[in-house]
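1. quick one, fold the following:
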Amino acid sequence: MMKESIKNIHLAAQYLSAAGKSFLPTKDDDSQSNLAWNEERNSLETRDLGSGSTLTLNFETGNLTWDGTPEIIDVRKHTHQEILMWLTATSKKIGLAKPYVFSYSYELDYPQIEPSYQYVFDLNEMKEVAAKFTLAQNAMSSFLKENQLTSEIRVWPHHFDIGIYTKLSDALFLGAGLAIPDSLENELYFYVAGYKDGSAIEAKNLPKLTVGSWHSDWNGGTLKSTGVAEEDVESFLNQAKTAFKENV
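-> Numbers count the residues shown, from 1 in each chain. Predicted coordinates for the structure are as follows:
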């Protein structure tokens, strides 16, 4: 089941989040723990943790890897406790000065991971998720370039969305990305929201979108990911940007 696969890869991504927290200086926005999406490898990657060391999670194989080293473990074949033991030992082996500590500064919408927990996810389903991550990254990159806007494109391990946050004007900002199923949509979906002077822009009075729709129960718009192409996502983002700039 896709939701179960997403849940398990979301949980497994916390090993990378914890690596950022363990080895990098803490930032106010917790960005030391956010992740890059490598579309060529279909993998999540930490920032440089020191001396070029990065920890990666491959969606096609389920492998955790210290990039550039032979240190690899398949998360589907080991318990949570065994994975933590591997991370502790191998982080020291590759020369990282600080100890690896499995912790993160937020709460997940899942029960705490027990030491005996074993990951179960369908690799074919994860290839589908990887394709959606790549679609999102490419669409957001094109949107930023077309509009001469700047933002990192990062995966935030708390809610497991890949997104951007960019400045439209002195007081106006846009946040957008691809989110996993939740109370808004029952499948992977694109989202967009505007912010003025630090407050969310109410979507109920904005012009109707021709791609995606505004939500009255949430100050933003969504677009289900099934069957959409890169140009659909770009249109969704551009229409939202125009609505924020011309109606707020």
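
2. go through the protein and flag its longest helix.
-> When every helix of the chain is counted residue by residue (DSSP state H), the longest turns out to be helix 123-146.

3. what residues of it count as buried?
-> For helix 123-146, burial by neighbour count (16 or more other CB atoms under 10 Å) applies to 125-126, 128-130, 132-137, 139-140, 143-144. Quick note: C-beta positions are derived from backbone N, CA and C, even for glycine.

4. ok, residues contacting that helix?
-> Contacts to helix 123-146, defined as CB atoms under 8 Å, 6 or more residues apart in numbering, come from residues 2, 5-6, 9, 37, 39, 42, 59-62, 149-151, 153, 155, 162-164, 166, 176-178, 188, 190, 225, 228-230, 233-234, 237-238.

5. count the neighbours of residue 224 for me.
-> Neighbours of residue 224 under the rule other CB atoms under 10 Å: 14.

6. phi and psi next, for it.
-> Note on residue 224: its backbone torsions stand at phi -60, psi 140 [degrees, to the nearest 10].

7. beta partners of the residue most central in space within the chain?
-> Centroid-nearest residue in the chain, with CA atoms, centre = their mean: residue 155, separated by 2.4 Å. The partner list for residue 155 in beta bridges (DSSP bridges) reads residue 35, residue 162.

8. doesn't residue 39 make contact with it?
-> No. Contact criterion CB atoms under 8 Å: residue 155 and residue 39 do not qualify, at 12.0 Å.

9. where along this protein do the strands fall?
-> Assigned by DSSP state E, the strands in the chain fall at 36-38, 43-45, 55-58, 63-66, 72-74, 154-156, 161-167, 172-179, 189-196, 199-200, 213-215, 220-224.

10. closest to residue 247 out of the ones you listed?
-> strand 189-196 (9.5 Å; CB to CB).

11. tell me the strands beside that closest one, with direction?
-> strand 172-179 (antiparallel), strand 199-200 (antiparallel), strand 220-224 (antiparallel).

12. could you tell me the least trusted of those strands?
-> Mean pLDDT is lowest for strand 199-200 among these, at a mean of 94.

13. count the residues that sit near residue 12.
-> Using other CB under 10 Å, the number of residues around residue 12 comes to 21.

14. pull the contacting residues for it.
-> Contacts of residue 12 (CB under 8 Å, 6+ apart): 57, 62, 64, 75, 119.

15. ok, so of the residues you listed, who is nearest residue 194?
-> Out of those, the member with the shortest distance to residue 194 (by CB to CB) is residue 57, at 31.8 Å.

16. and the pLDDT at the spatially closest residue to that closest one that is not a sequence neighbour?
-> Nearest residue to residue 57, sequence neighbours excluded (CB to CB, 6 or more residues apart in numbering): residue 44, at 4.6 Å. At residue 44, the model reports a pLDDT of 98.

17. again with residue 148
-> pLDDT at residue 148 comes out at 98.

18. returning to that earlier point: tabulate the strands paired with strand 189-196 (TSV), appending distance to residue 50.
-> Formatted as TSV, the strands paired with strand 189-196 follow (distance: least, CB to CB, whole Å):
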stretch	distance to residue 50
strand 172-179	28
strand 199-200	37
strand 220-224	37
